[in-house]
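Visitor: need a 3D model of the following:
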Amino acid sequence: MKIEVKNGSLTKIKCDLLVVNEFSEVKKPGGATAAADKELDGAISQLIKSGEITGKLGETNLIHTQGKLPATQVLVVGLGPSAGFDLDKARIAAAAAIKEAKRIKAKTVATIVHGAGVGGLENDEAAQALVEGSLIGAYKYKGYVTLDKESALAVEELIIIELQKSKILAITAGVKTGEIIAAAVNNARDLVNAPASHVTPTFLAEQAKKIHGVSVKVLSLAETKKLGMNAFYSVSKGSKEPAKFIIIKYGHGKPDIGLVGKGITFDAGGISLKPSAKLSLMKTDMAGAAAVLETMRAIVKLGVRKNIVGILPCTENMPDGEAQKPGDVVTSLSGITIEIISTDAEGRMVMADGITYAKKLGVKKIIDLATLTGSCVSALGDAASGLMGNDQQLIEELITAGKRAGEKLWQLPLFDEYKEYSKSEIADVMNCTEQSKAGPSIGGLFLQMFAEDTSWAHIDIAGTAYLDKGRWYLSTGATGVMVRTLINYLTK
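Guide: Down below sits the predicted model:
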């Protein structure tokens, strides 16, 4: 979709669809909507009066212009109540408009910036949210379908129209940022939606090497074993697919921030084999790695002035004759010994060595992302990601970044009492427990051992990385979750 910013009047723009907006409490159109209403002989006002246009968030109402405007049709999109209007509601409105444009086969869409006036949003932020909502909302995974003709219905051009010339510079800057972030989110969604036969550890390594402006190092399984990454090695040795430990460095000098993303490209559970129900979705167990990979790509384009390292421990978890077994004990890169209770608790194993590797690079902060526990899905569903850590300031900063990005984070506890659950009699710690208590926190406490005294936060995205049913600007399937939050955090 081509996006262009134009200075001019919306009543003069020629397009298939012109998008204006309305808050739910408004009884008479104002601003740009009033200008369109005037040209339409009060059609919008009449529809508000009749109750057909309510301004409910995401509501869309089409009006044929009958030649009264250069636009073929006008769409009024609801913004909800003006009280509490925020950036995410601007994204929702933009996505609703684009979906309606696609439905009516509009090729050229012109729109005002939602919320930059009465909504109280800054022009650049509102424009960024508009673009994010439009591009993320228009996403469809193409995959390997050969008979689908829906791609022919895509919106080809989005024109952002603004009457005041003084606002154009800020809007243009917001559009550029929004395009970069939306592309990163959609790229991550493509990686997670794709089959495991395509997105292998080798493929992810190749994608990392294509990022300009970073240095990339890829360790083979043999190299990780030589370095002492036995937690990573023990998971990887059961698969014939070559494992890759990927390190992406951005900036100059020693990295200050480490982003660690779980990259299990297919999780069969190992010897502790998963049940067959929804096993095909275990291709999504690399959503953390996908988010880190695309965040690293985006920060280059955004010119972030920080030294950051992305670490992607990537492998499959398969039940081969050489696979690790329940009851085994392995020594991690940190020296901490781990008793394997379930080979299906593999994510925390590879993340343990990933976190330790980041520590050895001397980072001051570590943020890890992982589809770690099914119990986090039980606790929070797909509405929020679980957040844990040893630095409350970092926790609060991530929650704030998530709010601005439209991604909910909910802090879960790391109580000392929970540590008793995973004590081992033959090693320093068990990789999991066989009871159902405090699952997300048990996983978080395990990882905390490897972060030690380094500022650290863990984000469990097991419930948010993939939606069984789409909502607002996110379609069914991969969400690219935490890409927007990480970028927001790193750019502030």
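Visitor: make it CA atoms for all contacts and neighbour counts henceforth
Guide: Will do.
Visitor: for residue 228, grab the count of nearby residues.
Guide: 16 (other CA atoms under 10 Å).
Visitor: residue 492 too?
Guide: 8.
Visitor: return the distance of stretch 82-98 from the chain's centre.
Guide: 18 Å (CA atoms, centre = their mean, to the nearest Å).
Visitor: tell me which residues in it are buried?
Guide: Residues of stretch 82-98 classed as buried under the neighbour-count rule (16 or more other CA atoms under 10 Å) are 82, 85-98.
Visitor: what's the average pLDDT for that stretch?
Guide: For stretch 82-98, the mean per-residue pLDDT is 96.
Visitor: can I get that stretch in CSV? Just the C-alpha atoms.
Guide: This file holds the C-alpha atoms of stretch 82-98, laid out as CSV (Å, rounded to 0.1, in the frame of the first residue of the first chain):
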residue,chain,number,x,y,z
SER,A,82,-13.7,11.5,23.3
ALA,A,83,-13.0,10.9,27.0
GLY,A,84,-10.4,8.2,27.1
PHE,A,85,-9.6,8.4,23.4
ASP,A,86,-6.0,7.2,22.8
LEU,A,87,-3.5,6.0,20.2
ASP,A,88,-4.8,2.5,20.2
LYS,A,89,-8.4,3.7,19.5
ALA,A,90,-6.9,5.6,16.6
ARG,A,91,-5.4,2.4,15.3
ILE,A,92,-8.7,0.6,15.7
ALA,A,93,-10.6,3.3,13.7
ALA,A,94,-8.0,3.3,11.0
ALA,A,95,-8.1,-0.5,10.7
ALA,A,96,-12.0,-0.5,10.5
ALA,A,97,-11.8,2.0,7.7
ILE,A,98,-9.3,0.0,5.7
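Visitor: contact partners for residue 53?
Guide: If you count contacts by CA atoms under 8 Å, 6 or more residues apart in numbering, residue 53 has them with 44, 47, 61, 76.
Visitor: cool, and residue 308?
Guide: Neighbouring residues of residue 308 by CA under 8 Å, 6+ apart: 249, 250, 251, 255, 256, 257, 258, 259.
Visitor: partner strands of the longest strand anywhere in the chain, parallel or antiparallel?
Guide: Criterion DSSP state E: the longest strand present in the chain is strand 308-317. The strands that strand 308-317 pairs with in its sheet are strand 244-250 (antiparallel), strand 257-261 (parallel), strand 263-267 (parallel) (by DSSP bridges).
Visitor: buried residues in it?
Guide: By neighbour count with 16+ other CA under 10 Å, strand 308-317 contains the buried residues 308, 309, 310, 311, 312, 313, 314, 315, 316, 317.
Visitor: hmm, back to that, restricted to helices, list the buried residues of stretch 82-98.
Guide: Among the buried residues of stretch 82-98, the ones falling in helices (DSSP state H) are 87, 88, 89, 90, 91, 92, 93, 94, 95, 96, 97, 98.
Visitor: tabulate the buried residues of strand 308-317 (a markdown table), appending pLDDT.
Guide: Listed next are these as a markdown table, based on pLDDT from 0 to 100:
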| residue | pLDDT |
| --- | --- |
| 308 | 98 |
| 309 | 98 |
| 310 | 98 |
| 311 | 98 |
| 312 | 98 |
| 313 | 98 |
| 314 | 98 |
| 315 | 98 |
| 316 | 98 |
| 317 | 98 |
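Visitor: need those residues in JSON lines (columns: distance to residue 205).
Guide: Below are those laid out as JSON lines (distance: CA to CA, whole Å):
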{"residue": "308", "distance to residue 205": "18"}
{"residue": "309", "distance to residue 205": "15"}
{"residue": "310", "distance to residue 205": "12"}
{"residue": "311", "distance to residue 205": "11"}
{"residue": "312", "distance to residue 205": "9"}
{"residue": "313", "distance to residue 205": "10"}
{"residue": "314", "distance to residue 205": "9"}
{"residue": "315", "distance to residue 205": "11"}
{"residue": "316", "distance to residue 205": "14"}
{"residue": "317", "distance to residue 205": "18"}
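Visitor: out of the contacts of residue 53, which is most surrounded?
Guide: When neighbours are taken as other CA under 10 Å, the top entry among the contacts of residue 53 is residue 44 (26 neighbours).
Visitor: which one of the ones in helices among the buried residues of stretch 82-98 is nearest to residue 329?
Guide: residue 88 (46.5 Å; CA to CA).
Visitor: tell me the contacts of that closest one?
Guide: 129, 404, 405, 406.
Visitor: return the subset of those lying in helices.
Guide: Judged by DSSP H, the subset of those located in helices is 129, 404, 405.
Visitor: make a ChimeraX selection of the buried ones in these.
Guide: A single ChimeraX command suffices to select whichever of the ones in helices among the contacts of residue 88 are buried according to 16+ other CA under 10 Å:
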select :129,404,405
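Visitor: residues of stretch 370-386 that come out buried?
Guide: For stretch 370-386, by 16+ other CA under 10 Å, it's 370-373, 375-377, 379-382, 384-386.
Visitor: brain fart, stretch 467-476
Guide: 467, 472, 473, 474, 475.
Visitor: over to stretch 159-175?
Guide: Across stretch 159-175, burial judged by 16+ other CA under 10 Å covers 159, 160, 161, 162, 168, 170, 171, 172, 174, 175.
Visitor: export those residues to a markdown table and tack on pLDDT and secondary structure?
Guide: Formatted as a markdown table, the buried residues of stretch 159-175 follow (pLDDT from 0 to 100; DSSP: H, G, I helix; E, B strand; the rest coil):
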| residue | pLDDT | secondary structure |
| --- | --- | --- |
| 159 | 98 | strand |
| 160 | 97 | strand |
| 161 | 97 | strand |
| 162 | 95 | strand |
| 168 | 97 | helix |
| 170 | 97 | helix |
| 171 | 97 | helix |
| 172 | 98 | helix |
| 174 | 98 | helix |
| 175 | 98 | helix |
